[in-house]
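>>> below are the sequence and a predicted model; questions follow.
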Amino acid sequence: MLLIGYGNPGRGDDGLGPAFAERIERAGPPGVAVLSDYQLTVEHAFDVAGADCVVFADALIGGDGAFRFTGAQSDTAADIGSHSLSPEAVLTLAATLYGARPAAHVMAISGVEFGEVKEGLSPRAQRNLDRACDFFFAWLAGYGNV
Amino acid sequence: MTEPRLIEISPLTRVEGHGKVTIHLDAEGQVDEARLHIVEFRGFERFIRGRLLWEVPVIVQRLCGICPVSHHLAAAKAMDMICGVDQLPPTAEKMRRLMHYGQVMQSHVLHFFHLAAPDLLFGFGAPAEKRNIFEVLKDQPELGRRAIMMRKFGQDIIEATAGKKIHGTGAIPGGINKNLSIETRDALLAQLTDMETWAQDALALARNYTLDNAEMVRGFAAFPSHYLSLVRGGDGALDLYDGNLRALSADGDMIFDQLDTRRYHEALVEDVRSWSYMKFPFFKALGPEEGWYRVGPLARMNTASFIDTPQADAARTELMETNHGLPQHAVLANHWARMIEVLHCIEKIRDLLHDPDLQGTDLRGTGERRQEGIGVLEAPRGNLIHHYQVDENDQVTYCNLIVSTTHNNEGLNRAVRDVAEKHISGQSQITEGMLNHVEVAIRAYDPCLSCATHALGQMPLQVELFDAAGALLDRKAN
């Protein structure tokens, strides 16, 4: 399994994705490789192509709950820009270039402070991160990795 | 058509950050005014105040997720000056150069193969559903795979020199914090033959596109301008990492040459306009009307006397011959220039990887402390200036950044107007293909609006058409 956490830790709660990745990596569940980056880029298609399952972790703007954990699929309508590559676009690249179709999920963690140039998560984002991590470890146990 | 109209393209697709284009048509449907607006505010220069100088090269990477290395190195160069280190130990300078060449090549590859390729291969007016990278890859998957492997090669170099892709710490004030292990060097060397071959192929693709479409390229958003870049001290060779400033007129005459980068503010002035957060720099000697200029890969081809790697130099010579050795003004020739620089970077990387200085142990210089530092380099999109002042407690008290897209601001606006006049003026129906022509002109500059204003943005395209009274007549999106 591959986990990719992405976002800009210098933009407040936009750093939720890397923070999630860091938390999971520190726990070190077996069979889970962890990547952290500012954003999804085209070369992540190569990494995704080598995994049987991939989880994209990102910050969510305006979410109702603490997080959403949903399935993801390739989508040829997804556009490519270097700041805005979506999980769907990465999955489509992996399928188009490498014939790879891993199971895919998106862990979208709700944040509230994105506007300022600042480091660190808001208190609410921090709580949401905790809940997302708790859920993820439970989900991993069911998946057979813990 | 009897009423003035306003067309907006907001936000732009396949460019970095958040911008908006407005095109005002008069009652006859002719373009009255066309502008690229930057709609988000840059807060970074304020944010950095109070931070400690040794933190700065790390923090500035958060300016932009796509070229963090350029900001990392420009800030580190400024901090070298503050630390009184005017000459880095060879190992430090070469490690930084290796990092920079890796960054430039991977950025150029992304732009050419994944952002520009759909326009180049299918045409600017092709239907939006066809003008898509996935359509390119269906036809030419090998092209896509090569682009990804070239990107990964660049990222591997960054990781080997900066420590990691995110929050890299390789460059420190006065030097570098590690050398290159033999193991890592050999792993990179093992990929070089493929990289060189693929870079040559990409260069041929860009060259052939430019020459096969010479008439269109000459006429598309092409207009004369002055140019600015670093060139190597003394001989004026292309130098992406260090050197002095050279400004060239549209006719190829020197405006200034070998200007010490520490004196940039004596030659450049940043103008402010009410409708954009992005400033408009110009050459002080020529004034705001005549003194605007462009930077970037094509600017560098124009300003450099030559390139000090043989394959790239031969390619540059051919590019310059297309305008009889005078400055090349066709904005779409930037693609060709970009691929010349990819090959140049590969050649430089090869030379560096064979240089034993990369395994040296003298990593950091020392000198007499100063309170001001200016770091300048050539980022993928063009010249990048970082300027700081610090107090006696090592805290930043002043920061000024001039990023490539800011240098190109006037050129971008003129490109928008030029294309709008040619493709939208007098048309009764505005199609998505016409509007894409405008975006193609903007994309050719590879603008990073995030850097220019510091903000991250989403880029779905929305176009709105208003009549003179402000009523919405039409809306298009892709």
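Looks like it arrived, so ask away.
>>> any idea which element residue A:92 lies in?
For residue A:92, the element it lies in under DSSP states H and E is helix A:87-98.
>>> how about that helix against chain B, any contact?
Yes. Helix A:87-98 comes into contact with chain B (CB under 8 Å from any CB of the partner chain), by way of A:92, A:93, A:96, A:97, A:98. For the C-beta atoms, the positions are set from N, CA and C on the backbone; glycine is no exception.
>>> who touches that helix?
The contact list for helix A:87-98, computed with CB atoms under 8 Å, 6 or more residues apart in numbering or on different chains, reads A:40, A:42, A:44-46, A:48-49, A:54, A:56, A:58, A:72-76, A:78-80, A:100-102, A:104, A:106, B:134, B:137-138, B:141, B:144-145, B:148.
>>> what's the pLDDT at the residue nearest the centre of chain A?
Centre of chain A computed as the mean C-alpha position; nearest residue by CA atoms, centre = their mean is residue A:57, 1.5 Å away. The predicted local distance difference test score for residue A:57 is 95.
>>> what of the one 4 residues further on?
Here, the pLDDT recorded for residue A:61 equals 84.
>>> quick one: it and residue A:104, what's the gap?
Counting by CB to CB, to the nearest Å, the separation of residue A:61 from residue A:104 is 21 Å.
>>> more neighbours, those two?
The neighbour comparison of residue A:61 against residue A:104 (other CB atoms under 10 Å in any protein chain shown) goes to residue A:104, with 22 against 13.
>>> hey, what's the more buried one bridged with?
When bridges are called by DSSP bridges, residue A:104 pairs up with residue A:54.
>>> just checking, residue B:375 is part of a strand?
Yes. Assigned with DSSP: H, G, I helix; E, B strand; the rest coil, residue B:375 falls within a strand.
>>> quick one: it from residue B:267, how far?
In this structure, residue B:375 lies at 17 Å from residue B:267, with CB to CB as the measure.
>>> neighbour count winner among the two?
Comparing residue B:375 with residue B:267 by neighbour count (other CB under 10 Å), the higher total belongs to residue B:375, at 25 against 18.
>>> name the nearest residue to that one, sequence neighbours excluded.
For residue B:375, the nearest residue in space outside its immediate sequence neighbours is residue B:77; the separation is 3.0 Å by CB to CB, 6 or more residues apart in numbering or on different chains.
>>> cool, and residue A:124?
Nearest in space to residue A:124, with sequence neighbours left out and distances taken as CB to CB, 6+ apart, is residue A:112 at 5.3 Å.
>>> okay, now the domains of chain B?
B:5-42+B:429-477, B:44-172+B:179-406 (automatic domain parsing).
>>> just send those back as JSON lines, with mean pLDDT too.
Conversion of the domains of chain B to JSON lines gives the following (pLDDT from 0 to 100):
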{"stretch": "domain B:5-42+B:429-477", "mean pLDDT": "60"}
{"stretch": "domain B:44-172+B:179-406", "mean pLDDT": "92"}
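>>> can you put the ones you listed in a markdown table and add distance to residue A:141?
Shown next, in a markdown table, are those (distance: least, CB to CB, whole Å):
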| stretch | distance to residue A:141 |
| --- | --- |
| domain B:5-42+B:429-477 | 34 |
| domain B:44-172+B:179-406 | 28 |
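>>> among those domains, which is nearest residue A:133?
Proximity of these to residue A:133 was assessed by CB to CB; the nearest stretch is domain B:44-172+B:179-406, lying at 19.3 Å.
>>> out of the domains of chain B, nearest to residue A:123?
Taking CB to CB as the measure, those were each checked against residue A:123, and domain B:44-172+B:179-406 came out nearest at 20.6 Å.
>>> picking that back up, how close does the residue nearest to the centre of chain A sit to chain B?
When CB to the nearest CB, to the nearest Å is applied, the distance between residue A:57 and chain B equals 14 Å.
>>> can you tell me the element the residue nearest to residue B:375 falls in?
Element membership for residue B:77, per DSSP H and E: helix B:68-82.
>>> top helix in chain A by residue count?
Among all segments of chain A classified by DSSP state H, the helix with the greatest residue count is helix A:123-143.
>>> give me the buried entries from the contacts of helix A:87-98.
Those of the contacts of helix A:87-98 that meet the buried threshold are A:40, A:42, A:44-46, A:48-49, A:54, A:56, A:58, A:72, A:74, A:78-80, A:100, A:102, A:104, A:106, B:134, B:137, B:144-145, B:148, by 16 or more other CB atoms under 10 Å in any protein chain shown.
>>> from the residues you listed, which land in strands?
Per DSSP state E, strands hold the following members of the buried ones among the contacts of helix A:87-98: A:54, A:56, A:58, A:104, A:106.
>>> list the contacts of the last one.
The neighbours of residue A:106, taking CB under 8 Å, 6+ apart as the test, are A:55, A:56, A:57, A:58, A:68, A:69, A:70, A:71, A:72, A:87.
>>> after the helix holding residue B:77, which helix or strand is next?
Using DSSP H and E, the helix or strand that follows helix B:68-82 in sequence is helix B:90-109.
>>> could you name the helices and strands sitting against that following helix?
The helices and strands touching helix B:90-109, judged by 3 or more CB pairs under 8 Å, 6 or more residues apart in numbering or on different chains; DSSP states H and E, are helix B:68-82, helix B:141-162, strand B:175-176, helix B:333-353, strand B:372-379.
>>> ok, residues contacting stretch B:349-364?
Outside stretch B:349-364, the residues within contact range by CB under 8 Å, 6+ apart are B:85, B:89-92, B:94-95, B:97-98, B:101-102, B:105, B:157, B:172, B:174-182, B:185, B:188-189, B:192, B:195-196, B:309.
>>> for chain A, give me its nearest residue in the stretch 151-300 of chain B.
For the stretch 151-300 of chain B, the residue positioned closest to chain A under CB to the nearest CB is residue B:151, at a distance of 4.4 Å.
>>> leaving out chain neighbours, which residue sits closest to residue B:270?
Ranked by CB to CB, 6+ apart and with sequence neighbours excluded, the top spatial neighbour of residue B:270 is residue B:279, at 4.1 Å.
>>> what's opposite residue B:247 in the beta bridge?
With DSSP bridges applied, residue B:247 shows beta-bridge pairing to residue B:228, residue B:256.
>>> state the number of residues packed around it.
Other residues lying near residue B:247 total 23 when counted by other CB under 10 Å.
>>> residue contacts, the closest residue to residue B:327 other than its chain neighbours?
Across the structure, with CB to CB, 6+ apart as the measure, the residue nearest residue B:327 apart from its sequence neighbours is residue B:302 (4.2 Å). Under the criterion of CB under 8 Å, 6+ apart, the neighbours of residue B:302 are B:227, B:248, B:252, B:320, B:327, B:328.
>>> counting by contacts, list what the longest helix of chain A packs against.
helix A:16-27, strand A:53-61, strand A:67-71, strand A:103-111.
>>> could you export the ones you listed as a markdown table, including distance to residue A:8?
Formatted as a markdown table, the entries for the helices and strands packed on helix A:123-143 read as follows, by distance: least, CB to CB, whole Å:
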| stretch | distance to residue A:8 |
| --- | --- |
| helix A:16-27 | 8 |
| strand A:53-61 | 9 |
| strand A:67-71 | 19 |
| strand A:103-111 | 12 |
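>>> closest one to residue B:60 among those?
helix A:16-27 (17.3 Å).
>>> what's the spacing between the closest one and its chain's center?
Averaged C-alpha coordinates place helix A:16-27 at 10 Å from its chain's average position (CA atoms, centre = their mean, to the nearest Å).
>>> and what of stretch B:92-99?
With CA atoms, centre = their mean, you get 20 Å for stretch B:92-99.
>>> just the CA trace of it, in PDB.
The C-alpha atoms that make up stretch B:92-99 are tabulated as PDB, following Å, rounded to 0.1, in the frame of the first residue of the first chain:
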ATOM      1  CA  ALA B  92      29.300  23.600  -1.900                       C
ATOM      2  CA  GLU B  93      29.000  25.500  -5.100                       C
ATOM      3  CA  LYS B  94      29.000  22.300  -7.300                       C
ATOM      4  CA  MET B  95      26.400  20.600  -5.100                       C
ATOM      5  CA  ARG B  96      24.200  23.600  -5.300                       C
ATOM      6  CA  ARG B  97      24.600  23.700  -9.100                       C
ATOM      7  CA  LEU B  98      23.800  20.100  -9.400                       C
ATOM      8  CA  MET B  99      20.600  20.700  -7.400                       C
END
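>>> all good on my end, thank you.
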